[in-house]
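Colleague: Could you look at this predicted model? Sequence included:
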Amino acid sequence: MRRALNLNTNLRHKIEPYLWLAPSFVLFGLFTFYPFFITLYKSFFIVDQLGAVRKFVGIDNYLHILQDRDFIQAIVNTLYFALLTVPASKVIGLLLAILAYRKRKFSIIYETSFAIPMTIASSTAAMIFQLLYVPTLGFINGITGLNTRWLTDPKIAMFAIAFIQIWLSSGYAFVFLLSAIRNIPVSVLESAAIDGATGWKKITRIILPLISPTMFYLIIMDIPFSLMMVSLNNILTQGGPNNATMTLMLYIYNQIALVGNNTYANAATMVTFILTLIFILLGFTFEKKGVHYQ
């Protein structure tokens with residue numbers, strides 16, 4: 001009898017963690033994995049506007065979009081946007097965290113001001129900067145004396161949108177990096193100062209290695225977010241001018257909402273997923289070389 005009770009107790013302890021995780025697995029299955037596999041399946045078929053499968057065409061959908069100049073431009077624009085925003089936001093967040101890591105009497109004021117951008121929705125930020133970017137009456141041209149067409153010049157439009165994203169992401173990076181820097185033992189920093197490590201050497205040889213897990217997390221989280229950005233350019237430029245701000249997600253959105261072409265939208269979605277996966281895996285190569293776990 002006692003042996004049977006022990007077996008039941010052991011079995012219950014083994015099953016219990018999976019029961020706690022079961023709701024999450026169900027939700028992931030319904031809202032993540034199921035749509036993914038449905039999209040993968042339909043990407044090999046011609047699909048009508050209602051999403052019904054009509055005809056198997058194999059990889060023809062992929063061959064078509066990879067020959068579409070608009071799609072290729074969207075890939076280039078998306079990678080350019082990620083290259084602009086991911087490193088810049090982390091560097092700015094790090095610099096702000098280094099400036100603010102010592103607690104002072106008025107720390108709460110500038111810490112809050114640095115973190116405020118992370119609380120602002122992308123759509124709200126887009127409308128704010130839309131006014132700031134107005135060539136004739138906008139604040140930026142007015143204060144600098146420039147006559148720049150921030151959102152209508154193909155050479156500048158993507159940079160102007162990337163600047164907004166950098167501003168939004170820097171506050172998020174600042175909060176995490178500030179916490180990471182403040183968790184560095186004071187004795188380590190004092191020992192480094194005694195050994196003559198100051199300024200740049202202190203940052204590169206002490207602070208960066210110790211906060212590298214946090215920096216790695218921020219980079220890995222920001223890569224897919226940047227590659228799937230759609231809100232800012234959809235509100236500000238709708239992919240223009242001349243497709244200069246057309247990104248992969250906006251291309252997919254236009255195929256579904258404007259053209260009603262679910263066939264190529266499915267294939268474009270899978271290509272976007274593959275590109276995102278590749279860059280995330282490349283990001284994990286950084287973990288082996290640059291991340292130092294204590």
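Modeller: Sure, I can see it. Numbers count the residues shown, from 1 in each chain.
Colleague: ok, the residue nearest to Phe216 when sequence neighbours are not counted - contacts?
Modeller: Excluding its sequence neighbours, the residue lying closest to Phe216 (CB to CB, 6 or more residues apart in numbering) is Val291, at 4.8 Å. The C-beta positions use only the backbone N, C-alpha and C, and glycine is treated the same way. By CB atoms under 8 Å, 6 or more residues apart in numbering, Val291 lies in contact with Ser212, Pro213, Phe216.
Colleague: from those residues, which is closest to Thr204?
Modeller: Minimum distance to Thr204 across the contacts of Val291 is 11.3 Å, recorded for Ser212 (CB to CB).
Colleague: The closest one is in what secondary structure piece?
Modeller: Element membership for Ser212 (DSSP states H and E) is helix 208-227.
Colleague: before we move on, back to that, which among the contacts of Val291 gets closest to Thr136?
Modeller: Once CB to CB is applied, the member of those that ends up nearest Thr136 is Phe216, at 44.3 Å.
Colleague: wait, is Ile166 part of a strand?
Modeller: No. Under DSSP: H, G, I helix; E, B strand; the rest coil, Ile166 sits outside any strand and is assigned helix.
Colleague: Would you confirm that it contacts Thr85?
Modeller: Yes. Ile166 is within contact range of Thr85, at 5.4 Å (criterion: CB atoms under 8 Å).
Colleague: would you list the contacts of Val291 in a markdown table and tack on pLDDT and neighbour count?
Modeller: Converted to a markdown table, the contacts of Val291 look like this (pLDDT from 0 to 100; neighbours: other CB atoms under 10 Å):
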| residue | pLDDT | neighbour count |
| --- | --- | --- |
| Ser212 | 89 | 17 |
| Pro213 | 89 | 15 |
| Phe216 | 91 | 18 |
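Colleague: the longest helix in this structure is where?
Modeller: In the chain, assigned by DSSP state H, the helix with the most residues is helix 69-100.
Colleague: Packing partners of that helix?
Modeller: The helices and strands touching helix 69-100, judged by 3 or more CB pairs under 8 Å, 6 or more residues apart in numbering; DSSP states H and E, are helix 107-115, helix 157-182, helix 208-227, helix 248-253, helix 262-290.
Colleague: can you pull the contacts of Tyr293?
Modeller: The contact partners of Tyr293, by CB under 8 Å, 6+ apart, come to Pro213.
Colleague: what's the burial count for Val86?
Modeller: For Val86, the neighbour count with other CB atoms under 10 Å is 24.
Colleague: where along the stretch 1-150 of the chain do the helices fall?
Modeller: For the stretch 1-150 of the chain, the helices defined by DSSP state H, counting those that start in this stretch cover 2-28, 34-42, 60-65, 69-100, 107-115, 122-132, 139-144.
Colleague: So for Ile206, which of those sits nearest?
Modeller: Nearest to Ile206, of all those, is helix 69-100, at 11.3 Å by CB to CB.
Colleague: now the angle from that closest one to helix 107-115?
Modeller: Helix 69-100 runs at 170 degrees relative to helix 107-115, counting by axes from the mean of the first three to the mean of the last three CA atoms, to 10 degrees.
Colleague: now the angle between helix 262-290 and helix 69-100, please.
Modeller: Using the same axes, to 10 degrees: helix 69-100 against helix 262-290 is 40 degrees.
Colleague: which residues sit against stretch 126-141?
Modeller: 146-152, 160, 164, 231-232, 235-236.
Colleague: Farthest-apart pair in those residues, please.
Modeller: Asn147 and Ser231 (27.9 Å).
Colleague: So for those two, which sits in the more crowded spot?
Modeller: Neighbour tally, Asn147 and Ser231, criterion other CB under 10 Å: the higher count belongs to Ser231, 15 against 8.
Colleague: ok, Ile166 and Thr85, which is more surrounded?
Modeller: Thr85 (25 against 21).
Colleague: The more buried one: what's it in contact with?
Modeller: By CB under 8 Å, 6+ apart, the contact set of Thr85 is Ala162, Gln165, Ile166, Ser169, Asp222, Ser226.
Colleague: could you flag which of those are buried?
Modeller: Ala162, Gln165, Ile166, Ser169, Asp222, Ser226 (16 or more other CB atoms under 10 Å).
Colleague: which residues touch the second one?
Modeller: What that stands for is Gln165. By CB under 8 Å, 6+ apart, the contact list for Gln165 reads Phe81, Thr85, Ser89, Ser226, Met229, Leu232.
Colleague: Grab the nearest non-local neighbour of Met158.
Modeller: That would be Thr245: by CB to CB, 6+ apart, it lies 5.2 Å from Met158.
Colleague: For the one you found, grab phi and psi.
Modeller: Phi and psi for Thr245, reported as degrees, to the nearest 10, are phi -120, psi 20.
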